[in-house]
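K.L.:
for reference, the sequence and a predicted model appear below.
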Amino acid sequence: LNAGVLNREEAKAKREEIREEADFYGSMDGASKFVRGDAMAGILILLINIIGGLVIGTMEHDLSFGDALKVYTLLTIGDGLVAQIPGLLLSTAVAVLVTRMSRSQDMGAQLVTQMFGQPKALALTAALLGIMGLFPGMPNMPFLMLAGICAAGAWMMSQRRAAETAQALAVTDEDEGEEAVSNEPLELSWDDVEQVDPLGLELAADMIDLVDQAHGGDLLQRVKALRRKIAGDLGVVVPLVRTRDNLELPSRTYAIKLFDIEVARGEAPPGTILAIGDFLGSLPGEATKEPVFGLEAKWIPAELRAQAELSGATVVERSAVITTHLSQIVTTYAARLLGREDVRLLTDVVKRTHPNVVDELTPALLSLGEVQRVLQQLLEDGIAIRDLVRIYEALSLKAAQTKDVDALVDAARTALGPAVVAPYVAGGTVHVLSFDPVFEQRLLESLRHGEQGATLVLDPVTAQTIIGGLAQHLVQAENHNIRPVLVCAPQLRAAVRRLVRPAIDRLAVLAYPELSGTAQVRSVGVVGGERNPVLTGEQPAAATTPVPAPTSVAMGA
């Protein structure tokens, strides 16, 4: 079901079939032991009767060995026939009970179906009864009458089945003829419209082994663990990842889709593992880049794992590479994956323990749609929404004054406090980039508020230069294994984030009050001032740093 091979109804039927089969074999095991014991007891009694009869006949009744053998063997056979009739009935009853385990059909209907549902069973019974009726000394007429009745029943059942088969074939041929003659299109319904999967993972034909557990494929298990981890980190339940094969994909390629639109693609050659490190020159393989962090890596044969580990490289399985890439995509697009129904379910969870908080917020002050927009904005800013109680309490207080999304988001961020800065604190220190004070004041003057939130009204050269300066400082910091954040005035945070996000998505933007309580703040760069152009009308005084392409820069209205 998770791989998309079966729909929900087919999976339910398959599960029921497997359960019935397991119950049948379990019951059959116990029943076979019981019937086998009864049969062994019957054989033992037969031998005791024959041997005991010979001893008694020859020693107590002075019969010859031949006469004793004839008399007591005949008596033993008669006793055996009488004793085996209950055994036959017992075996039949056990077989009926075992084969009807876990079925909802009543006992009478099940008995009739199993004993008289197959013509071959009645025909075999008629043959056995007829043979027994031919033996001399047996009650011939009763056996032969029963044999005739069973034979007639078998013939009538076979004729009825033949008639039903012919009728079914006739109906099928008639339907096929009608379909061939009729050119009218079939009526469609809304059930025929296939829904778009929020999250999908497609594999090339030569990568199916990753989901085949019989060959050690653990991709599906890793995806399940990933969904559980993201739920614990971000506080949202990731939709089911629909994993399927795609014959149109090039070999050794996988694609990640969001609402049926491909957002990422990568490669994972079969029979290889990914070695990540700086000293990979001695290892044979295909050089590549790690898809999430862009690290130097190489796809090497799986047999060289030990050699790669000895050389100091980090070795990663193919399924782990795909799962890591999927995790990065899910984290990036978590806001889009948070639907209205998800918000309702999250709200219901909070209401179980804090009903007053929810009743005060929605629908009295904010609708679910407005709450969804706030939570989506928090996720876009890389903030987990696990602490919904404090978020909802802050929204209740702020929503009484305004319904501006930026103001509501700032209120929620303030309520979360240190949790906003915690992901960026390393060794008790948070490294920050900031704007020159004069430049920041001019940015405040260029701030405009609209229906879509606050924006900065800047000319393209200034906007690109800001982004170029931030990108240069960010790269320099990352080269020293530092992950800085950009801090600015609270009024500017949302607008600056909208300006920076399209070009430098990994740069978080915080407000000055959000740094309160942090152990130590260390500046790693200042943007603006004399070395950077500022607002509309000002030109660069000297050569500036390389600027990213302006196509993704969001300008103010």
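P.N.:
Alright, I've got the coordinates.
K.L.:
the helix ranked longest in the chain packs against which elements?
P.N.:
Counting by DSSP state H, the longest helix found in the chain is helix 8-59. When contacts are defined as 3 or more C-beta pairs under 8 Å, 6 or more residues apart in numbering; DSSP states H and E, helix 8-59 packs onto helix 65-99. Where C-beta positions appear, they are placed from N, C-alpha and C, glycine not excepted.
K.L.:
relative to helix 8-59, how tilted is the helix it packs on?
P.N.:
Compare the direction of helix 65-99 with that of helix 8-59 by axes from the mean of the first three to the mean of the last three C-alpha atoms, to 10 degrees and you get 160 degrees.
K.L.:
for helix 65-99, packing partners?
P.N.:
In this structure, helix 65-99 packs against helix 8-59, helix 107-116, with contacts taken as 3+ C-beta pairs under 8 Å, 6+ apart.
K.L.:
please state the offset of that helix from the chain centre?
P.N.:
Between the mean C-alpha point of helix 65-99 and the mean C-alpha point of its chain there is a distance of 58 Å (C-alpha atoms, centre = their mean, to the nearest Å).
K.L.:
tell me the mean pLDDT for it?
P.N.:
Mean pLDDT, taken over the full extent of helix 65-99, equals 75.
K.L.:
stretch 439-453 now?
P.N.:
In this model, stretch 439-453 has an average pLDDT of 86.
K.L.:
ok now it, how far from the chain's centre?
P.N.:
Between the centre of stretch 439-453 and the centre of its host chain there is 44 Å, according to C-alpha atoms, centre = their mean.
K.L.:
CA atoms only: put that stretch into CSV for me.
P.N.:
Included here for stretch 439-453 are C-alpha records, laid out as CSV according to Å, rounded to 0.1, in the frame of the first residue of the first chain:
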residue,chain,number,x,y,z
PHE,A,439,21.5,52.0,6.3
GLU,A,440,19.0,50.2,8.5
GLN,A,441,17.2,53.5,9.2
ARG,A,442,16.9,54.2,5.5
LEU,A,443,15.5,50.7,5.1
LEU,A,444,12.9,51.5,7.7
GLU,A,445,11.9,54.6,5.7
SER,A,446,11.5,52.5,2.6
LEU,A,447,9.2,50.0,4.3
ARG,A,448,5.6,49.7,2.9
HIS,A,449,2.7,47.7,4.2
GLY,A,450,0.2,46.0,2.0
GLU,A,451,-2.2,43.0,1.8
GLN,A,452,0.6,40.6,1.3
GLY,A,453,2.6,42.0,4.3
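K.L.:
in it, which residues are buried?
P.N.:
When burial is assessed from 16 or more other C-beta atoms under 10 Å, stretch 439-453 yields the following buried residues: Phe439, Glu440, Arg442, Leu443, Ser446, Leu447, Gly453.
K.L.:
please, which helix or strand holds the third one?
P.N.:
Taking DSSP states H and E as the criterion, Arg442 maps to helix 437-445.
K.L.:
quick one: buried residues of the strand or helix carrying Glu478?
P.N.:
Secondary structure here is read from DSSP H and E; on that basis Glu478 sits in helix 460-479. Of the residues in helix 460-479, those scored as buried under the neighbour-count criterion (16+ other C-beta under 10 Å) are 461-474, 477.
K.L.:
for it, what is the average pLDDT?
P.N.:
Mean pLDDT, computed over helix 460-479, is 88.
K.L.:
helices and strands around whichever helix or strand comes after it, which ones?
P.N.:
With elements assigned by DSSP H and E, the helix or strand that comes after helix 460-479 is strand 485-488. Packing contacts for strand 485-488, counted by 3+ C-beta pairs under 8 Å, 6+ apart, involve strand 429-435, helix 490-500, strand 509-511.
K.L.:
picking up where we left off before, and the helices and strands packed on helix 65-99, which one is worst for confidence?
P.N.:
helix 107-116 (a mean of 66).
K.L.:
following element in sequence after that one, please.
P.N.:
On the C-terminal side of helix 107-116, the nearest following helix or strand under DSSP H and E is helix 119-134.
K.L.:
pLDDT of that next one, averaged?
P.N.:
Confidence over helix 119-134 (mean pLDDT, whole number) is 84.
K.L.:
try stretch 404-419
P.N.:
Per-residue pLDDT values across stretch 404-419 average out to 90.
K.L.:
return the set of buried residues in it.
P.N.:
By neighbour count on 16+ other C-beta under 10 Å, the buried set for stretch 404-419 is 404-416.
K.L.:
roughly how far does Leu219 sit from Glu16?
P.N.:
With distances defined as C-beta to C-beta, to the nearest Å, the gap from Leu219 to Glu16 amounts to 27 Å.
K.L.:
same check, this time on Pro198
P.N.:
As judged by C-beta to C-beta, Pro198 and Glu16 stand 28 Å apart.
K.L.:
those two: which is more packed in?
P.N.:
Neighbour tally, Pro198 and Glu16, criterion other C-beta atoms under 10 Å: the higher count belongs to Pro198, 19 against 11.
K.L.:
which residue is the nearest non-sequential neighbour of the more buried one?
P.N.:
Closest residue in space to Pro198, ignoring its immediate chain neighbours: Pro239 at 4.1 Å, by C-beta to C-beta, 6 or more residues apart in numbering.
K.L.:
tell me, how many residues neighbour the one you found?
P.N.:
Using other C-beta under 10 Å, Pro239 has 16 neighbouring residues.
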